[in-house]
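Enquirer: okay, structure incoming, though there's no sequence with it:
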């Protein structure tokens, strides 16, 4: 599959508590085989799955069996430890979406396993359409709980449209271009590029200068001031946190079992020979 690791990168580690964004597809499943991710662990984070096209079957050690479909949010809380599998369904022809992670604050990083499904209603705007899957924007609020103030939304801009969306001045924001082109506060963004806006903005000024619709993912949140260690599928605070999580996974403890997946769990890679260093918010 074509996967773009949009966050983290050298220039930006976090946007609010958003610590990871994989932007993938459009992927021709007949050519590539689609998605088949065996059971694998997570700790210290929430996963946020959002599709544009296709369908993914989710199974986890909480016992949840759910489908990820376009325009529907699936949020899973890993907390102290959870495992899950992700497989594109036989009927999927084109797979295209984003996989996002949210770092849990220290006070909640061992939270119980949890799962939420939500279908946000599309909201018509003058020149676009909005779906708010986390947080609040333009009068719409998602009922899905988060452990820090966050925003997550899909926005489609009509050709030539200009929008001024109200923003929380305490938030920093990111705009990921999935389709077409856009301008954020006058700064041009091309396909698959991520624009950043620091705290202090009262509005998000968005413009689609192109002849085709533009589809954007909006991410935001209050700056996450804690340092984190992120390696493989784990978020911790120290190298020892990650080492222990890896050992627990390989020993078959802590993360539970995923029932219904036809195959073996994914083994953890070897830790690097040097201590993992914490990373904080990019100033």
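Expert: Ah, there it is. Small disclaimer: the values here were computed from a predicted structure and weren't measured.

Enquirer: and the residue nearest in space to the middle of the chain, what does it touch?
Expert: Centroid-nearest residue in the chain, with CA atoms, centre = their mean: residue 100, separated by 1.1 Å. By CB atoms under 8 Å, 6 or more residues apart in numbering, the contact list for residue 100 reads 18, 20-22, 47-50, 152, 219. C-beta: built from backbone N, CA, C; applies to glycine.

Enquirer: show me which residues of whichever helix in the chain runs longest are buried.
Expert: Scanning the chain for the helix with the most residues, using DSSP state H, yields helix 239-251. Residues of helix 239-251 classed as buried: 239, 241-243, 245-246, 248-249 (neighbour count, 16 or more other CB atoms under 10 Å).

Enquirer: which strands or helices does that helix pack on?
Expert: Judged by 3 or more CB pairs under 8 Å, 6 or more residues apart in numbering; DSSP states H and E, helix 239-251 is in contact with strand 36-42, strand 229-231, strand 234-236.

Enquirer: okay, those, which one's buried deepest?
Expert: Of all those, strand 234-236 carries the top mean neighbour count, a mean of 23, counting by mean count of other CB atoms under 10 Å.

Enquirer: elements contacting that strand?
Expert: Short answer (3+ CB pairs under 8 Å, 6+ apart): strand 234-236 packs on strand 229-231, helix 239-251.

Enquirer: residue 164 and residue 248: what is the separation?
Expert: Using CB to CB, to the nearest Å, one gets 48 Å for the distance from residue 164 to residue 248.

Enquirer: can you name the residues that contact residue 271?
Expert: Neighbours of residue 271 in contact, by CB under 8 Å, 6+ apart: 231, 242-243, 246.

Enquirer: what about stretch 95-115, start to end distance?
Expert: Stretch 95-115 has its terminal residues 22 Å apart, counting by CA to CA, to the nearest Å.

Enquirer: now do residue 11, the pLDDT please.
Expert: At residue 11, the model reports a pLDDT of 85.
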